[in-house]
Structure formats: structure tokens, C-alpha cells
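Novice: sequence? don't have it. structure:
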């Protein structure tokens, strides 16, 4: 049954039909992003041609988000809905069904090379857990090359429903893509001097698989791909043994998860809490990760300072 | 612990998945547990077969509560100072990409939780708090321990007898604070106690506290002044007072339900109104006036945008919680006047998959209404005065090797 539902919802790659002629020039595109990081991408591409709403806001956890009646009204009024896909937004089906929206629902991970989640094996090995996620790790934005794909997909989607604005969207996307390329180079340059055996990072949940894959780090996490997963005692004990054995220097809390588990692991292993990483949500505007670019810079800088403080 | 990997044994997993799918079949099962208004009995109905499959004798007429999983039904018998646990016989096992459905005969679990005047039952975070008005305290169990015939994990300290409520998680318990001047009155607030029984902070004022509901990760208590909105996700429960909007007419909510699939609360507000509450909105309260006085209401856990209200003229109304208006009505029973005692036998509602189920105590039947078309599709005769009702079931996969 679940499989059927997913097919209905995330077949949401609805063919895009342009808005009625002249509609876009008369009013801004009403864009709904499922969470704050996608909202930031959309803002850069859409500029002042769009009105933007992000359902899950700053520091919100999309894994456990509970949609509200107001969200249904937001979706119902949308011209386009931008989502991550890869079964990341578990709340989406309810909203789409309840809103009866005809707006296209665009999965921005289309075209990326998804990484297989290890949770399938994990899930069947553990009983009594209640988490729902797919075969693939959905946190693709944690690798900047994937973020560039997201941005291109957004520009294409906007062009499809608002042809008169297409040139603007493409120009905006191109400028932002250049920023992302520079960001990608910066991250690689920051990590390059760190010795390979130092590149082990402990976080609360498994949100950094794409970062690890792209930039050559190893991330370990007591929780799975979804924060809805509860870490078992044996998982935590195993992680603690590994931290001690490998002499892992630092562990990191995340902005969307309860820090107590990571703090407990730090206390039991004598490692330090290296700081707060931003995984699935941006910070508030006055925080260190108010935009995607700031988030990625903050994360890599925090990691480097904690695990390789001697590296300039 | 899970470790990030970038490769995988795709072919093997695909083969295994296909093999599992080949062995699996889809199955649906729904059961209704119906207590009688005056007889000490809980009837069990197979909703697909439209037939009674079991009847459990209790010590007194019972109010029914179903656990979130639906695996356990608790029969709260205030007249017998007892809560009896029933295994619904229907359980689900989450396999991530699908859920397995297991159906067995319903049975008494042999678990009876005794105490003076049991009243509200609240499940939160896997723990079930049963408040005993006559003792002013709660006994706390979990579904797992109940299913293992080890009912009570712990008790809160005895207090002044009062009509109260408790909600607990693995670290803290929120418990009603009685009116010390007159414990026969409704409670005056909520206290937070830790596992040792030590109170954390002061009393959170909630005059005339009556009514509690959970929607997603938010818990709410209704008070004469508004709601207490509680987040229990954080290390110490965070409580905020949400006053009724000044634009609302005089009144208060005393019974609430939490939305399923959408985060909102539905409460009564006077005899002929209900109120939709979204604590996160600037205008949190939306009042809906009913055509007649309200008898009962229920939220739809499947079609999240709908709730249902039954009114004393015998009609069932479908409430669109997004628009905040009734979008359809259906005559289901003869009229049931709300004059008389509050606990007179009157219809109660439950939602079972694509059916809305309405008890009809005067005629001794349970009426079935199609939730999509809002048409009456049948009745199941039970005799007696069918009153409280809960529905348990759903769809899932079954495997040949079971």
C-alpha cells in the first residue's frame, strides 16, 4: 500500500504547462518550497518574479514535520511546488491530496546520481523501529554539484510555467551557479590539507552521505537517514567503541536534532563537541547558516576547525 | 549505527525485494469494539463481514480507548474501579517500504489495572497514563508491557481526588493540579514532575482544565482561558498559554481531538459550535456554527482534511477543516435530544478506513456511512444500547509463510 501511495505522490513530476498568457506579467509566480534550503535555491533563481513560501522553515526538521491546515491552503494557492523527492518529504502526500492542487510538483533531485541508503539493511536488521524512507539517501544537496542540478531544475521548471520570465530565471540561475562553483572549490580546498586518517566525523543522523562521497570524509551517525529513527543501544555502544578505537577527535550536533545523544557520546568517549552542523534546514537570518552558501561554508569550516585545528 | 556507503548490492537487494513481493499479498482487516451503555460488555465486530465475532464481559459499562497502534483496547470501567486490557488481534509490523498486517482473534490480555474512578487515558511517546480521579494520581503503563501482561510501570504520587489527567514521556509527567479549595471543581492547572516525583517549576495556570489532545508533536490542554500548548520533544516540556481570541463569543472548549495527518485541534465551543485550532497561526481559532447541538465528533485519520460532527437531529456532518465549513450532511439516526443527562445513551462516532461508524443506542445498531460519498451503506445489529466505539484496522501485506 505504501508503495502505491508513493507512486501517486511522487509521480508528482507533473508535466508543466505554462501559465495563462499574460498571467505571469500580471502577478508574481506563487512558489512553494518544501523546506528552507530549496527555498533559498528558488529565491536565487526566481528573484523578484516570485512570491516564495517554505513549508518547513529555519531550523525545522522536514523528517518529522507535521503539516497544518494553513499549509494545505498554501499548496492550494501555489503555481508550482518545489520538493526534494527521493521520499524525503513524508508529509507531502497528505498536503497534495488535501489541497487538490493542480500545480506541478517538481522533484529537484531529478538528474542527480542518487546514493543508495544503507538503512534498508539496517531497518530489517532491527525490529520495532518506525521510520519510512526510500532506497536512496535523499540529502543530495549536501554535495554542491548536486545543488547545481537543483538550481538548473528550478530554472527549467520556472521557464516552463512562466515563459516570459525565462530569460530572467536563466540569467539568475547562471549567476548563482557561478557562486556554487566557487563554493565547491572552496570546500575542496578546505578539506584537502586534512590528513586522511583525521577525516572522520560523528553527527547525530545520517545526513551527510553526499558530502562524504563528494569531498572524501567519513561520517558516522547513531541515527539513520531519518531523524525519526531511534538509535538502538547496541548502535550507540558500537559507535562509542569505534570512536575510542579510531581516536575520533570531535563529534557534532545538528541544528534539527536533539543534541543530548551526541553530547552523551562525547562524554563517554572523551571527545569534544566540535560545534553545530546544519544538515536539513538553514538557520534563522541572524544565524551562521541563513543561506545555502553560508550553510556549506559554516559546516566545512566547523569540521575543519574541530578535526584539524592545526591546519590553516 | 549506520555507516555511509556509496556503493551497494543493487542486484541482490532487487532480487530479494522481488522475491518478497512475490510471496506477499495485500489484506485489509477492520474491527469495531463497541461497549454498551448499561450492560457490562464489549462487543467485537468484524467490519468486513458485518458480524459480531466476540463479546467480552466486563465488570461495569465501559468507555473505550484504543492505543495508537490499535493493537490494544482499554475498557475503562469507572463503576468498577477497573481498566481491562483487550488485545484487538490486529497488529502491524513496519518493514520500512511496506507494513505487514497480522490478524488473530481478539482476546482479553489478563491485564486489569485497578484504582479508584479511572477516567482519562492519554498515550504519548509510547507510554499510557491512566488517571484515577478517586486517587488524584495516574498509573503509567506502556503498550509493550501491557501486551506482556506487566501493566504498570509506575504510579505518580497520590494527590487530592479530582477529575484530572496526566500525560507522560520517558522523563517527565504532566499532571493536573487540583483546586485545593474545592477538589470537586475542575483542576486549576498543569504541573510537570520528573521521574523522582519532584516538581519542575511552578503550576502552569489552566483554570477549569478539561480536555486534552495530541496532534503530531504538539499536546494541548483546554482551559477556561484558552489552551495550554505543550511541546514534549525538547528536553524539558515547554508550555505556552494560547488565550482564546477576543473575537470569540463567550465560551470554552472542554473536549478536544487532535488532527491526524494535519496538525490542528478540534474542540467543542458551547453546545452548538465547534472550534478549529491551529496554535501556529496568527488567528488560531476558527469557529464553526452547527445547525443543531453537538452530540459527538471525530477526526478522519485517512482523509486528513475532514472531521465529522454528529448533531442531535440525527445528522452526520462532514467538516472541511481547511475551509472551516461543513461541506455535507446526512441523516443517520432518529433525533437524540441533548436535553437530559450528559451521559444519556446517544450516538458516538468512529472512523474505520473508508467508513464512518455511528452507534445508535436506541435501535441497538451500528450504522455505516461511506466516508467518500457520505451515504449510508448499512447497519449491523448488536442489540442492547451500543454506545462507545473504537475502530481498529487497516491494510497491509501478508506473507505465505505465516
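Specialist: Sure thing, it's come through. Source: prediction; values computed, not measured. Numbers count the residues shown, from 1 in each chain, chains lettered A, B, ... in the order given.
Novice: so who does the residue of the stretch 1-150 of chain A found nearest chain B touch?
Specialist: Per Cβ to the nearest Cβ, residue A:66 is where the stretch 1-150 of chain A lies closest to chain B, at 3.1 Å. Just so you know, the C-beta spots here come from the backbone N, C-alpha and C atoms, and that holds for glycine as well. Going by Cβ atoms under 8 Å, 6 or more residues apart in numbering or on different chains, residue A:66 touches A:91, B:215, B:216, B:217, B:218, B:262, B:263.
Novice: quick one: the residue in the stretch 201-350 of chain B that chain A sits nearest to from residue A:85, how far?
Specialist: Proximity of the stretch 201-350 of chain B to chain A (Cβ to the nearest Cβ) peaks at residue B:216, 3.1 Å away. Separation of residue B:216 from residue A:85 (Cβ to Cβ, to the nearest Å): 23 Å.
Novice: go on, residue A:171?
Specialist: Distance of residue A:171 to residue A:85, computed by Cβ to Cβ: 26 Å.
Novice: next SSE downstream of the longest helix along chain A?
Specialist: The helix that spans the most residues within chain A, counting by DSSP state H, is helix A:166-191. Next helix or strand after helix A:166-191 toward the C-terminus (DSSP states H and E): strand A:200-202.
Novice: that following strand packs against which elements?
Specialist: Of the remaining helices and strands, those touching strand A:200-202 by 3 or more Cβ pairs under 8 Å, 6 or more residues apart in numbering or on different chains; DSSP states H and E are strand A:218-221, helix A:233-246, strand A:250-254, helix A:292-307.
Novice: next SSE after it?
Specialist: helix A:209-215.
Novice: which intervals of chain B have sub-threshold pLDDT?
Specialist: Filtered on pLDDT under 70, chain B yields the residue ranges B:1-24, B:95-97, B:234, B:399-402.
Novice: before we move on, the earlier item: name the nearest residue to the residue of the stretch 201-350 of chain B closest to chain A, sequence neighbours excluded.
Specialist: Nearest residue to residue B:216, sequence neighbours excluded (Cβ to Cβ, 6 or more residues apart in numbering or on different chains): residue A:66, at 3.1 Å.
Novice: again with residue B:215
Specialist: In space, residue B:215 comes closest to residue B:258 once its chain neighbours are excluded; the distance is 3.3 Å by Cβ to Cβ, 6+ apart.
Novice: ok, that neighbour - contacts?
Specialist: Neighbour list for residue B:258: B:213, B:214, B:215, B:216, B:218, B:220, B:264, B:265, B:266, B:299 [criterion: Cβ under 8 Å, 6+ apart].
Novice: also residue B:384?
Specialist: Listed by Cβ under 8 Å, 6+ apart, the contact set of residue B:384 reads B:36, B:37, B:38, B:39, B:41, B:364.
Novice: buried ones only from those residues, please, as a PyMOL command.
Specialist: Command for PyMOL that selects the buried part of the contacts of residue B:384, burial taken from 16 or more other Cβ atoms under 10 Å in any protein chain shown:
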select buried, chain B and resi 36+37+39+41
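Novice: which ones among the contacts of residue B:384 lie within strands?
Specialist: Cross-referencing the contacts of residue B:384 against strands under DSSP state E gives B:36, B:41.
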